[in-house]
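Chemist: Starting from these lines, generate the structure:
(chains A and B)
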Amino acid sequence: MSFSNLGLSEKVLAAVAATGYTNPTPIQEQAIPHVLARKDVLGIAQTGTGKTAAFVLPMLTILEKGRARARMPRTLILEPTRELAAQVKENFDRYGAGQKLNVALLIGGVSFGDQDAKLMRGVDVLIATPGRLLDHTERGGLLLTGVELLVIDEADRMLDMGFIPDIERVCKLVPFTRQTLFFTATMPPEIRRITEAFLHNPQKIEVSRPATTAVTVTQAQVPAGREAHEKRELLRRLLREAKDLKNAIIFCNRKREVAIVHKSLQKHGFSVGALHGDMDQSARTAALEQFRKGELPLLVASDVAARGLDIPEVSHVFNFDVPHHADDYVHRIGRTGRAGRTGTAISIVTPLDQKSMVAIEKLIGQSIPRAEGDYEVSAEASDASERPREQRGRERSRGGRGKPQRGRDRERSHEPRDARGEARHAAESRPPSEPRQPAESRHRSDDKRRAEPRHEARQQANISHVPSIGRPEPRRQREVDTEPGDHSHLPAFLLRPVRSPAGA
DNA sequence: AAAAAAC
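Modeler: Numbering: from 1, shown residues only, chains lettered A, B, ... in the order given. As a prediction, the model looks like this:
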C-alpha cells in the first residue's frame, strides 16, 4: 500500500514524498479515505501509530478548496496539552508548506492579542487547548459557526483531565452538520457515551492498541530506599552506569519533585532540562526544543511529557518515581523503543511502590527483572548528617532506629511532614526581612505572577532554568547532595557546558 | 498519592 491510492491531492502527496515517507501506517491507510469521503471517524489508536498524519493529510486535501472568513475558522482541532497542540501545528506547517493556509494555535501561556489578530485575518485550521479556546469564544473574538470539520484528539486523556464539560460546550458551538473525527486510546464508558452524542454513524477504526510495551524496550526495576535523597543518589549512579545512553527522560510523579531532581542533577554537573505544567510556556517550549535537538541529553519531566509527545530516539526512560497508575507506566516507557529501535526503561522502586509494580506487571503481562544488589543504596550506608534535621529528630525520638520504617507506621509518620512540615520548613528558610504570608496566598498564582518577570531575563540566557513552582524550596535540598563540584566521573556529553558563548 | 488547563 502506498499513499498514492488513498485519494490525497497531488500537493499533499508531494509534501509527504518530500518528508521521505512512502507507506501509510495502518491507521492512516484506514482513516484517510473515510475522512476524504467526509464521514465521521472514531479512531481507537495511541500516539506513535501515525494518528496525527491520519487527520492532517486529508484535512489539507479538503482545505485546498475554499477560503476562511474573519473570526470563523473552517476546521478546529482540540488537544489536551499545549505541547501536543504545538506538535499538531508543526505537522500542518510541514505538510502544508505548499499551500497558503492560515493555521492558528490557541493555547494558554502566550499572548492573547497575537492570537486574536490572527483570528481576525481568518484561519483555515485552528488548533487549541480547551481553556484558551473558550476564553476567545466568550470574549466574542471567535465564532465556531463556520467549522466544517472538528477533531477531538486524545479524548480519553481529556476525560482524565476533566475537560469533557469544556468539550461538550465547544460541541454546542459548532454546527450540527459538521464532520467529526474522534480519537482515543481507550474506550471507558464515559468516552463511549460522548462518542454516541458527538458522532453520527462513525466509521470505527481500531489499530493494535498495545496495553503492552514494545518488545524492543529492555525494562528493569532497581530497589531504592524511600528517602528522596537516596533516590537522587541512585539516579545519578544509574545515569553514569547506563549502557549506550544517548538521551533520557526522567519521570517524576510531582511537579515539585521535577524541579528538585532537575536542580540536583544540574548541581552535580549534568546537562539537563525540565518540563512540567507550572513552568511558564517559553521555558516549556525551550526545554522541549533543546531536548529534541539533542542539545540537552537529559530531561526531567512530569506526566505532561508521558503521552503523545513526539520525541524521536529516546534511548532511556527512568522512572524516578513509579507511576501510581499502571497505564501511565506504559505511556512513559513508550517514549523509548519507538519505531523498532531499542530502548531501556529503568524504574526506581521503593518498598512503597511494590503494589504499583505488581499492577504494572499485571497490565503489561510480563515481569520486570529486578536489577541485583549492585544498585542498592541502603539507608544505613548513607551518612546521617546528610539527612534532614527533622528526619533525624524523628529517628531519635523513635529510639535511634536506623532502618526505614515500613507499612502503616511509616505512612502515618510521613503525613505531617508532607502536609504541614514542609510549608513550615519553607517559611523558616525565608529571610527574616521578608513578610510572612498565610500559606494559602503563598501557594500559587500570587507568588508566581510576581516572581515571573524577575526570572524572564534569566530564562532568556539560561533556558534550563526552572522557575519556582510556588514556594521556596526547603533548605533540606542544600544539605542532601554532597560534592557537587566534582564531575570528573561523568561522560563528557552529559556534562553541563560551563558557559558557551551565545550563538557559537 | 498527581498531572493537566484560562486570565
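Chemist: Skipping adjacent residues, who's closest to the most centrally placed residue in chain A in space?
Modeler: The centroid of chain A falls nearest to A:A305 when counting by CA atoms, centre = their mean (1.7 Å). In space, and not counting its chain neighbours, A:A305 is closest to A:L275: 5.3 Å by CB to CB, 6 or more residues apart in numbering. In this view, the C-beta of every residue, glycine as well, is placed from N, C-alpha and C.
Chemist: contacting residues around A:R82?
Modeler: A:I107, A:G108, A:G109, A:T129, A:Q281, A:R284 (CB atoms under 8 Å, 6 or more residues apart in numbering).
Chemist: Filter these down to the ones in helices?
Modeler: A:Q281, A:R284 (DSSP state H).
Chemist: what number of residues lie near A:A359?
Modeler: Look at A:A359: counted by other CB atoms under 10 Å, it has 17 neighbours.
Chemist: Which pLDDT does the model give the residue nearest to the centre of chain A?
Modeler: Note for A:A305: predicted pLDDT of 85.
Chemist: right, and it touches A:A274 too?
Modeler: No. Between A:A305 and A:A274 there is no contact under CB atoms under 8 Å: 10.1 Å.
Chemist: anything in contact with each of the two?
Modeler: By CB under 8 Å, 6+ apart, A:A305 and A:A274 have these common neighbours: A:L299.
Chemist: picking that back up, quickly note the distance from the residue nearest to A:A305 to A:G334.
Modeler: From A:L275 over to A:G334 the distance is 16 Å, taken as CB to CB, to the nearest Å.
Chemist: for A:A359, same thing?
Modeler: A:A359 is 17 Å from A:G334, by CB to CB.
Chemist: tell me which residues in the helix or strand A:L134 falls within are buried?
Modeler: Per DSSP states H and E, A:L134 falls inside helix A:130-138. Across helix A:130-138, burial judged by 16 or more other CB atoms under 10 Å covers A:P130, A:R132, A:L133, A:L134, A:D135, A:H136, A:T137.
Chemist: packing partners for it?
Modeler: strand A:75-78, strand A:103-106, helix A:112-121, helix A:164-173 (3 or more CB pairs under 8 Å, 6 or more residues apart in numbering; DSSP states H and E).
Chemist: Can you give the distance from it to the centre of its chain?
Modeler: The chain centre lies 22 Å from the centre of helix A:130-138; the measure is CA atoms, centre = their mean, to the nearest Å.
Chemist: all strands in chain A, in order from the N-terminus.
Modeler: A:41-44, A:75-78, A:103-106, A:125-128, A:149-152, A:179-184, A:203-206, A:217-223, A:248-251, A:272-275, A:298-301, A:316-319, A:343-349 (DSSP state E).
Chemist: need the residues of chain A near DNA strand B, please.
Modeler: A:80-83, A:107-109, A:112, A:129-135, A:138, A:160-163, A:253-257, A:276-278, A:302-304, A:324-325, A:328, A:355-356, A:415 (CB under 7 Å from any atom of the strand).
Chemist: Residue ranges of each domain in chain A, please.
Modeler: What automatic domain parsing lists as the domains of chain A is A:3-206, A:211-389.
Chemist: now for the longest one, what's the gap between its first and last residues?
Modeler: Distance between the boundary residues of domain A:3-206 (CA to CA, to the nearest Å) amounts to 19 Å.
Chemist: quick check: mean pLDDT across that domain?
Modeler: 94.
Chemist: how far does it sit from the chain's center?
Modeler: Worked out by CA atoms, centre = their mean, domain A:3-206 lies 20 Å from the chain centre.
Chemist: Next: the shortest one.
Modeler: Offset of domain A:211-389 from its chain centre (CA atoms, centre = their mean): 13 Å.
Chemist: before we move on, back to that, to A:H229, which of the strands of chain A lies closest?
Modeler: The closest of these to A:H229 is strand A:343-349. By CB to CB, the value is 12.5 Å.
Chemist: And the contacts of that closest one?
Modeler: With CB under 8 Å, 6+ apart as the criterion, strand A:343-349 contacts A:213-214, A:216-224, A:231, A:234-235, A:238, A:242-245, A:314-322, A:329, A:332-333, A:336-337, A:353, A:357, A:368, A:371.
Chemist: Now with 6 Å, please.
Modeler: A:217-224, A:231, A:234, A:238, A:316-320, A:322, A:333, A:336-337, A:357 (CB atoms under 6 Å, 6 or more residues apart in numbering).
Chemist: Now restrict those to buried residues only.
Modeler: A:217-219, A:221-224, A:231, A:234, A:238, A:316-320, A:322, A:333, A:336-337, A:357.
Chemist: is it true that A:G98 touches A:K11?
Modeler: Yes. Between A:G98 and A:K11 there is a contact at 5.0 Å, judged by CB atoms under 6 Å.
Chemist: so which of the strands of chain A gets nearest A:E29?
Modeler: strand A:203-206 (9.5 Å).
Chemist: Can you give me the buried ones in that closest one?
Modeler: Per 16+ other CB under 10 Å, strand A:203-206 contains these buried residues: A:Q203, A:I205.
Chemist: what residues does that strand touch?
Modeler: Residues beyond strand A:203-206 that count as contacts (CB under 6 Å, 6+ apart) turn out to be A:Q30, A:A31, A:H34, A:K39, A:V41, A:L42, A:G43, A:I44.
Chemist: what lines up beside it in the sheet?
Modeler: strand A:41-44 (parallel) (DSSP bridges).
Chemist: Without its sequence neighbours, what residue ends up closest to A:L106?
Modeler: Spatially, and ignoring its direct neighbours in sequence, A:L106 is nearest to A:A128 (3.9 Å; CB to CB, 6+ apart).
Chemist: What residue in the stretch 351-500 of chain A comes nearest to DNA strand B?
Modeler: Among the residues of the stretch 351-500 of chain A, A:S356 lies closest to DNA strand B, at 6.0 Å counting by CB to the nearest atom of the strand.
Chemist: wait, that residue sits on A:D321?
Modeler: No. Checked against CB under 6 Å, the pair A:S356 and A:D321 is beyond contact range at 9.4 Å.
Chemist: can you pull the contacts of A:E83?
Modeler: Neighbour list for A:E83: A:L309 [criterion: CB under 6 Å, 6+ apart].
Chemist: please redo it, this time with the cut-off set to 8 Å
Modeler: A:R284, A:L288, A:V304, A:A305, A:G308, A:L309.
Chemist: again with A:T47
Modeler: A:T47 neighbours (CB under 8 Å, 6+ apart): A:E154, A:A185, A:R307, A:G308, A:L309, A:D310, A:G334.
Chemist: Out of the residues you listed, the closest to DNA strand B would be?
Modeler: Closest to DNA strand B out of these is A:R307 (9.8 Å), distances taken as CB to the nearest atom of the strand.
Chemist: Return the residues in contact with the closest one.
Modeler: Going by CB under 8 Å, 6+ apart, the list of residues near A:R307 reads A:T47, A:E154, A:R157, A:H331, A:G334.
Chemist: give me that answer again for 7 Å
Modeler: The neighbours of A:R307, taking CB atoms under 7 Å, 6 or more residues apart in numbering as the test, are A:T47, A:R157, A:H331.
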